[in-house]
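Asker: After the sequence you'll find the predicted model.
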Amino acid sequence: MLARRQCRLLVTKDAKPQASGFWPLAQGLRQLKFCSVELRPPGGYASDEKAHSFRMYIHRTVEKDQRVRMSPWGDAAIRNSLQALATAPKAVSFEVERIKSSEEEVHLVFESAGSSPWQEYLENRIMNTKRLAVTADTQAVKLARDLVSMLQAAAKDEQAVQAFAFWDDDAALVALAKGVAAVSSLYPFKRLTCVANVVNPMDDPRGRLFVYATFGEPVEPLPKSGQVFHAYPPGSKADPAVLKRFYASVEDRLHQGSHVHMLCLGTDAIMHSIRALCLVKGFTADLVVQWAPGIKGEGAGSASQSKASQVPRAVRLKATRGQTWEEFNATDFSKTSLRKVKSTTEVGKLAYAAVAEVRQHEAVAIHCFSDDKAAVTVAMKALAAVPTVTGGKKLVCVPSFGRAGPDQRPVLRLYAKRYRGQQPEQANPASG
């Protein structure tokens, strides 16, 4: 009989003792409409017989049209959970969720949402879906991002995707499960509804475990955390694939509630960082710009250094997830004055003007052409210089792209207000 610490299962009907030895641990709940049985799928120290008994127990539960909730701890337990669902006598629809049991401990929970005969499932599912191969080296967040991208790119009535891993590759199966669970933390913040099955190719002795996935119910975005993610913006002549990964990393971390810090050395790094923030879907990015301490112009530290060499030459962008775009666009912009920035605009004068407008009207709009690197850099430096004007107080801005003029030239728009929050400096750093 499996001990409580080895298996956790929730059956949403009156629990009864099973011949296999799985005995309900919540007998006192029988008088309720739904009764729970607390078990965990067998893990790495369980014998093959125990794993087989567990699968058979799940299969009998599914045959009775009872819903299942499994909470695996460890790679082997995750494998046993997936394999039990994939070999069930019916097609089991399920979701995978990440549960934070403590400050640092996160585990997965599999919960079924119903079942149907395999023939019915095969006749009704979306055909010709794209496939993703999952290996032991697959990163869960990247897999989640790829799943979301494929689903969003498909037509509304064709939003389905398949991911698969080798049946006997525990690490790949774990990456598959974690990737599916991570999807809900990314925009558009929906869980995946999945069905797992086994495929045994004629020309390959190794079986595959496939997970067929579609978008499920929407969920609330993860709450903001104190974690800091250090993103390193590429410089000039960056590879397009590197830029794509950078943009995706910034967006993912903001969606997941992290603080994103970016140290920008040079105009190209500034441009890439601003573009990453403007491309965040669903939400604005609340941006605070500061000088990077200790990084000054060339010659700093020498006896003959000029005053110009004392000026910081790098800025640090600190961003957090802000309002939804619908909430932000509902702002009354009628009293907000506009400051246009050119490459020749003086940083100090722009900083003073921005502070004066915020003091008088609570906010200021700063616009420059987004294809003018020098003008964008001036705008960032002016925001970084604000604390020298205000005695330490900062501005927080929302960056976005737009177009202006008869030729519809691309414009960077910065809507700046007083900064009233507090951002962690180095708490729980995570680099990427």
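Answerer: Cool, the structure landed.

Asker: Just the element for residue 143, please.
Answerer: Element membership for residue 143 (DSSP states H and E) is helix 140-153.

Asker: for residue 320, same thing?
Answerer: strand 315-324.

Asker: now that strand: mean pLDDT?
Answerer: In this model, strand 315-324 has an average pLDDT of 96.

Asker: And it, what's buried?
Answerer: Residues 315-322 are the ones in strand 315-324 that count as buried (16 or more other C-beta atoms under 10 Å). Using the backbone N, CA and C atoms, a C-beta is placed for each residue, glycine as well.

Asker: Just flag the most distant two among those.
Answerer: Taking C-beta to C-beta, the two most distant members of these are 315 and 321; they sit 20.7 Å apart.

Asker: Tell me where the chain is predicted with low confidence.
Answerer: 1-39, 101-104, 294-312, 422-432 (pLDDT under 70).

Asker: okay, now the domains of it?
Answerer: Split into domains by automatic domain parsing, the chain comes to 1-124, 130-220, 228-301+312-431.

Asker: End to end on the shortest one, go ahead and measure it.
Answerer: This points to domain 130-220. Domain 130-220 has an end-to-end distance of 27 Å (criterion: C-alpha to C-alpha, to the nearest Å).

Asker: same question, stretch 233-245
Answerer: Length of stretch 233-245, first residue to last, C-alpha to C-alpha: 10 Å.

Asker: Report all helices and strands that the helix or strand harbouring residue 112 contacts.
Answerer: Residue 112 is part of strand 106-116, with elements assigned from DSSP H and E. Counting contacts by 3 or more C-beta pairs under 8 Å, 6 or more residues apart in numbering; DSSP states H and E, strand 106-116 packs against strand 68-70, helix 75-86, strand 91-100, helix 170-182.

Asker: could these go into TSV alongside distance to residue 47?
Answerer: Shown next, in TSV, are the helices and strands packed on strand 106-116 (distance: least, C-beta to C-beta, whole Å):
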stretch	distance to residue 47
strand 68-70	19
helix 75-86	11
strand 91-100	25
helix 170-182	16
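
Asker: Put together JSON lines for the ones you listed, with distance to residue 111 and mean neighbour count on each row.
Answerer: Below are these laid out as JSON lines (distance: least, C-beta to C-beta, whole Å; neighbours: other C-beta atoms under 10 Å):
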{"stretch": "strand 68-70", "distance to residue 111": "5", "mean neighbour count": "23"}
{"stretch": "helix 75-86", "distance to residue 111": "11", "mean neighbour count": "25"}
{"stretch": "strand 91-100", "distance to residue 111": "6", "mean neighbour count": "20"}
{"stretch": "helix 170-182", "distance to residue 111": "11", "mean neighbour count": "24"}
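
Asker: what's the closest of the ones you listed to residue 49?
Answerer: Among those, helix 75-86 comes nearest to residue 49, with 12.4 Å by C-beta to C-beta.

Asker: State which helix of this structure is the longest.
Answerer: Secondary structure of the chain per DSSP state H: the longest helix is helix 373-390.

Asker: relative orientation of that one and strand 315-324 in degrees?
Answerer: Relative orientation of helix 373-390 versus strand 315-324 (axes from the mean of the first three to the mean of the last three C-alpha atoms, to 10 degrees): 90 degrees.

Asker: ok now helix 373-390, how far from the chain's centre?
Answerer: Between the centre of helix 373-390 and the centre of its chain there are 30 Å (C-alpha atoms, centre = their mean, to the nearest Å).

Asker: swap in stretch 278-289?
Answerer: Chain-centre distance of stretch 278-289: 14 Å, with C-alpha atoms, centre = their mean.

Asker: Pretty sure residue 235 sits against residue 269.
Answerer: Yes. Assessed by C-beta atoms under 8 Å, residue 235 is found in contact with residue 269 at 5.7 Å.

Asker: more crowded one of these two?
Answerer: residue 269 (22 against 13; other C-beta atoms under 10 Å).

Asker: From residue 246, how far out is the more buried one?
Answerer: To residue 246, residue 269 is 10 Å away according to C-beta to C-beta, to the nearest Å.

Asker: and if you look at residue 411?
Answerer: As for residue 411, its distance to residue 246 is 22 Å (criterion: C-beta to C-beta).

Asker: just residue 395 next, same as before
Answerer: 25 Å.

Asker: Quick check on those two: which one has the bigger neighbour count.
Answerer: Neighbour count, other C-beta under 10 Å: between residue 395 and residue 246, residue 395 has more, with 25 against 21.

Asker: Would you agree that one is in contact with residue 384?
Answerer: No. The pair residue 395 / residue 384 is not scored as a contact, 9.8 Å apart, by C-beta under 8 Å.

Asker: before we move on, back to that, partner strands of the strand holding residue 320, parallel or antiparallel?
Answerer: Strand 315-324 has its sheet partners listed here by DSSP bridges as strand 259-264 (antiparallel), strand 283-291 (antiparallel).

Asker: Tell me which residues are up against the first one.
Answerer: When you say that, I think you mean strand 259-264. The contact list for strand 259-264 (C-beta atoms under 8 Å, 6 or more residues apart in numbering) reads 226-233, 250, 253-254, 269-270, 273, 276, 292, 314-320, 380, 423-424.

Asker: Of the residues you listed, grab the buried ones for ChimeraX.
Answerer: Of the contacts of strand 259-264, the buried ones go into a single ChimeraX selection, burial set by 16+ other C-beta under 10 Å:
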select :227,228,229,230,231,232,233,250,253,254,269,270,273,276,292,314,315,316,317,318,319,320,380,423
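
Asker: give me every residue that touches residue 353.
Answerer: Applying C-beta under 8 Å, 6+ apart, the residues near residue 353 are 339, 364.

Asker: Quick one: classify it as helix, strand or coil.
Answerer: helix (DSSP: H, G, I helix; E, B strand; the rest coil).

Asker: and what of the one 3 residues further on?
Answerer: Remark: residue 356 carries the secondary structure label helix [criterion: three-state DSSP].

Asker: Ok, residue 197 next?
Answerer: Look at residue 197: counting by three-state DSSP, its state is strand.

Asker: what's the answer for residue 407, then?
Answerer: coil.

Asker: ok, and what's touching stretch 156-163?
Answerer: With contact meaning C-beta under 8 Å, 6+ apart, stretch 156-163 is reached by 125-126, 129-134, 143, 147, 150-152, 154, 176, 179-180, 210-215.

Asker: redo that, cut-off 6 Å
Answerer: The contact list for stretch 156-163, computed with C-beta atoms under 6 Å, 6 or more residues apart in numbering, reads 126, 129-132, 134, 147, 150-151, 176, 210-215.
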